[in-house]
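# Could you look at this predicted model? Sequence included:
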Amino acid sequence: PFRIGDFIVIGTDKGTVEKIGIKSTRIRTLQGEELVVSNAELTTARVQNFKKMQERRISTQFGITYETPQERVKEVPGIVQRIFEAQPKARLDRVHFASFGDSALIFELVYYVESSDYTEFMDIQQAFNFDLMERFAELGIDFAYPTQTIYTKAVG
């Protein structure tokens, strides 16, 4: 199910296959450690091979502040869509104003990255995040973070 150079996950271990021997397979973890796994164990283990992926699905959320004007809130899906239209290896599935959070107006975003390469996936995700931050800053839209408002009542 894998070959040298493939990025695989076996249980909680993950890394790149470096050598496949008669009795064992050597995997280089993301931390740089060499993992030696017996082939007998591999035949019964659940192995995820990320190199075989043709595309990667990402589902994420982000929040903007309640102070954002309604007109700007309505613009957010279009902003996200335009960012993805400029990205050749990513495809937007959907973006919606999903809910009213404790401290934010929550948007849900689902998109696909058309690459099995993890570094390329992270580069595309990072580019989207930077573009979104830049566009929001231009429009005066602020990302939300957990906040609380405390009301006090004067006594006396």
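Looks like it came in fine. Numbering: from 1, shown residues only.

# Map the structural domains onto the sequence of this structure.
7-52, 56-139 (automatic domain parsing).

# Distance check, the closest residue to G101 other than its chain neighbours against T25.
Distances taken as CB to CB, 6 or more residues apart in numbering put G63 closest to G101, at 5.6 Å, once the chain neighbours are dropped. Any C-beta I mention is one placed from the backbone N, CA and C, and that applies to glycine too. Noted for G63: a distance of 43 Å to T25, by CB to CB, to the nearest Å.

# Ok, I10 next?
9 Å.

# Overlap of the contact sets of those two?
Shared contacts of I10 and T25, defined by CB atoms under 8 Å, 6 or more residues apart in numbering, are found at 37, 42.

# Show me what the strand of greatest length in the chain pairs with in its sheet, parallel or antiparallel.
When the chain is parsed with DSSP state E, its longest strand is strand 90-100. Here strand 90-100 is paired, per DSSP bridges, with strand 105-113 (antiparallel).

# How about stretch 90-97, which residues are buried there?
Within stretch 90-97, the residues scored as buried using 16 or more other CB atoms under 10 Å are 90, 92, 95.

# Average pLDDT for it, rounded please.
Averaging pLDDT along stretch 90-97 gives 98.

# I'd like to know how many residues surround P1.
By the criterion of other CB atoms under 10 Å, P1 has 10 neighbours.
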